[in-house]
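Student: Dropping a prediction and its sequence here:
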Amino acid sequence: MKKIILIGNVSCGKTTLTQYINHQKIEYIKTQALEFVNDTIDTPGEYLENRAYFGSLMVTSCEADQVLFVQDASRDLFYFSPGQAGAFSVPVAGVVTKIDIASEQEIRDAAERLELAGADPIFYVSPITGEGMDGLISFLQK
Ligand SMILES: Nc1nc2c(ncn2[C@@H]2O[C@H](COP(=O)(O)OP(=O)(O)OP(=O)(O)O)[C@@H](O)[C@H]2O)c(=O)[nH]1
Ligand SMILES: [Mg+2]
């Protein structure tokens, strides 16, 4: 399994993804600090939203094999800047979450923002329904 770091805004679904990938109970737990769960590094959304903390994401990403930019398709809120993936020294893929509650247009918009940020490839998932999770996990196992 690749060691991954999840980066995305508050409530986009990073902890839920972490729980699904690590076969934990799916429950809401607010992330307060960097959390290491097996090969997953879960991060608080505030670290992306508040530029003062962004540096610690960059530094911690060096411990991972793969960065995942996580974008909630159900919210019209985008924090990734164009080309931002290029600032990381490890590959960056994108994960569009909440596809079970977002419209097709919202899902397309979310993917477009991730592509613009330089994330590749892009996965479309819901760790609540399980949709798309097999594809993401098999990518992480390669
Ligand atoms: N319907 C649906 N709800 C989701 C999905 N992913 C996460 N959620 C819900 O969204 C809420 C926030 O999810 P979290 O996983 O805690 O979000 P987070 O990115 O870890 O948030 P922070 O720790 O605050 O940065 C929870 O109530 C989850 O159940 C999804 O794919 N579909
Ligand atoms: Mg969290």
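Tutor: It's in. Ligands and ions are numbered 1, 2, ... in the order given.

Student: Next, give phi and psi for the closest residue in space to Pro127 that isn't next to it in sequence.
Tutor: Excluding its sequence neighbours, the residue lying closest to Pro127 (Cβ to Cβ, 6 or more residues apart in numbering) is Tyr20, at 3.8 Å. From N, CA and C alone the C-beta is placed, and that goes for glycine too. Dihedral angles of Tyr20 (phi, psi; degrees, to the nearest 10) stand at phi -60, psi -50.

Student: mind checking how far Tyr20 is from ligand 2?
Tutor: 13 Å (Cβ to the ion, to the nearest Å).

Student: Quick one: residues contacting that residue.
Tutor: Counting by Cβ atoms under 8 Å, 6 or more residues apart in numbering, Tyr20 touches Ile26, Pro127, Gly130, Met133.

Student: cool, Leu140 as well?
Tutor: Met1, Lys2, Ile4, Ile21, Gln66 are the contacts of Leu140 under Cβ under 8 Å, 6+ apart.
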